[in-house]
Each structure stands twice: as C-alpha cells, then as structure tokens.
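A.B. asks: Test case, fold it:
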Amino acid sequence: MTIKLNCDLGESFGAWRMGLDSAVMPHIDQANVACGFHAGDPQVMRSTLALARDHQVTVGAHPAYPDLVGFGRRSLNCQSDEIVALMHYQVAALDGMARVQGMAVSYVKPHGALYNDMMVNAEVRRAVMQSLAEYPAQVALMLQATPSFEQHREEAKAWGVELMFEAFADRCYDDDGRLLSRARAGAVLNRESMLQQVEQLHSTGTITTISGHRLELEVDTLCVHGDNEEGIRAIREIREVLQG
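C.D. replies: All right, here's what the predicted structure looks like:
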C-alpha cells in the first residue's frame, strides 16, 4: 500500500517559534498549515506556503477552535453553524494566500480538540463535512483511520466529500482503534516500536493494539512530527521503511 507522510506545520506565531518547518518539509508529502486560530499568523502562513511550494509538497488547511491561548487543545461548545463558519473562515484564508503563490488547498485536517471532537461526536463531524461540501473548491477531509471507516465514508459520501484516512506513526492504539490516552503508559511508542508499527501497517494494512489484537485499518497517510531533531531523524527512518 502507498502511504504518504503528513505533518502539522506553520505553528509559529509572532515572536513564538515552534517546529523545524524548513528541516521537515523536504521529507513529507503533505503539509497541514495552521490558519491562525490556534497558531500561525499571516506572515508565517505565507512563508510556510512558499516552503511547501519550493519542495512540491501538497498543502492542507489545519483549522481549529478559536483558542490561541490553549493551542486549540480545549474543546469549545460551538454550535454546528459556528463550526461551519469557523471552518470556512480559516480554509478560505489559507486557500486565498495559497492562490497568490500559484497553489491551492487540496484537503483539510482539523486540529487538536476539533479533530478529537469530530471523531467522537457525529454532530461535530457533520458540521465539518457540511463546511467542506459548501466550500466552492473541491477539498478532501483528513480524519483518523478507525474500524468505523466505512461509516465515515458513507457519511462523507452523503455530502459529496472525499476522505483521506490518517494513522499515527508513534502512537499506540486501543482495541477500538482509537489512540491510547497519553495518560496511560505506552501511549507514545519508542523508536523501535514506532518503526515496527510503520512496517506492519505498510506490509499488512494492520496495527497491533495495546492488548495484542490486530486491527485492519485503511490508511492513506501517516502523521509525523518535526518539533525537534529527533523527530526529523524519525521521519527519515519512517520514509526509508515506506520506500523499502
């Protein structure tokens, strides 16, 4: 199976610097660019888009709840119409800036709490899909690959929205196909276990859960992290596994 690599980028803001975007970009296929609600600002968005263009990396919008202080990691009790509006606002902002540079946003991956809420709350997921269905350009939705992928595909089909299913290279899964809570031991895999999980997913389309069960997942893309030099090395090693 062909699996792409995606990474959350453009998350610096003003004087605050986060991530090693220029070091990550040459090694990924898809850049999820922050749109200003949890991180990022116009100048950072512009420079991140230029970096993606120079390395021929596909650009996706990475919208969030309006929560700069909490980095978008706190759930907000937004109504469906509010979610549709905040999605349109952020996707349109990044897409407009991309078009100035001869590019376009091709997919959307919600960030943080909005992503998590979308995966567990059908109403939030419906609002996210509605926002993309109403957007005047064709954009796909990136969401977590779980055993419920057929249900999610049917929901998206009703809105005319294409899906991309995402797995996480360095996270352990529970028996329901969800990410194991970071509060539990073993939630984040060490280097050896991470590479074993990537190899298993690449060769068999399965992952092994925390209790040893095997789950089949339909995966189009793997989320990787480039916050530090160790993360950059891990991305290179993951790329080698996928190309092996």
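
A.B. asks: switch to C-alpha atoms for all contacts and neighbour counts from now on
C.D. replies: Will do.

A.B. asks: same question for the helix ranked longest in the chain, mean pLDDT?
C.D. replies: In terms of residue count, the longest helix belonging to the chain (DSSP state H) is helix 80-100. Taken as a whole, helix 80-100 carries a mean pLDDT of 98.

A.B. asks: can you pull out the helices in this structure?
C.D. replies: 21-24, 42-54, 80-100, 112-120, 122-134, 149-159, 191-204, 229-243.

A.B. asks: closest to residue 60 out of those helices?
C.D. replies: With distances scored as CA to CA, the stretch of the helices of the chain nearest to residue 60 is helix 80-100 (8.7 Å).

A.B. asks: I'd like to know which elements the closest one is packed against.
C.D. replies: Helix 80-100 is packed against helix 42-54, strand 58-62, helix 122-134, with contacts defined by 3 or more CA pairs under 8 Å, 6 or more residues apart in numbering; DSSP states H and E.

A.B. asks: still on that earlier bit, got the angle between the longest helix of the chain and helix 122-134?
C.D. replies: Direction vectors for helix 80-100 and helix 122-134, defined by axes from the mean of the first three to the mean of the last three CA atoms, to 10 degrees, enclose an angle of 40 degrees.

A.B. asks: which parts of helix 80-100 are buried?
C.D. replies: 80, 83-84, 86-88, 90-95, 97-98 (16 or more other CA atoms under 10 Å).

A.B. asks: And the contacts of that helix?
C.D. replies: Contacts made with helix 80-100 from outside it, assessed by CA atoms under 8 Å, 6 or more residues apart in numbering, are listed as 33, 35-37, 45-46, 49, 61-65, 104-105, 108, 123-124, 127-128, 130-132, 135.

A.B. asks: Mind doing that once more with 7 Å?
C.D. replies: Defining contact as CA atoms under 7 Å, 6 or more residues apart in numbering, one finds that helix 80-100 is touched by 35, 46, 49, 61, 63, 104-105, 124, 127-128, 130-131.

A.B. asks: now do stretch 209-218
C.D. replies: 145-147, 165, 172-175, 205-208.

A.B. asks: So what touches stretch 147-164?
C.D. replies: Contacts for stretch 147-164 (CA under 7 Å, 6+ apart): 129-130, 132-133, 140-143, 177, 217, 220.

A.B. asks: about what we covered before: any chance of the contacts of helix 80-100 in a markdown table with pLDDT as columns?
C.D. replies: Shown next, in a markdown table, are these (pLDDT from 0 to 100):
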| residue | pLDDT |
| --- | --- |
| 35 | 98 |
| 46 | 98 |
| 49 | 98 |
| 61 | 98 |
| 63 | 98 |
| 104 | 96 |
| 105 | 98 |
| 124 | 98 |
| 127 | 98 |
| 128 | 98 |
| 130 | 98 |
| 131 | 98 |
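
A.B. asks: Thank you, goodbye.
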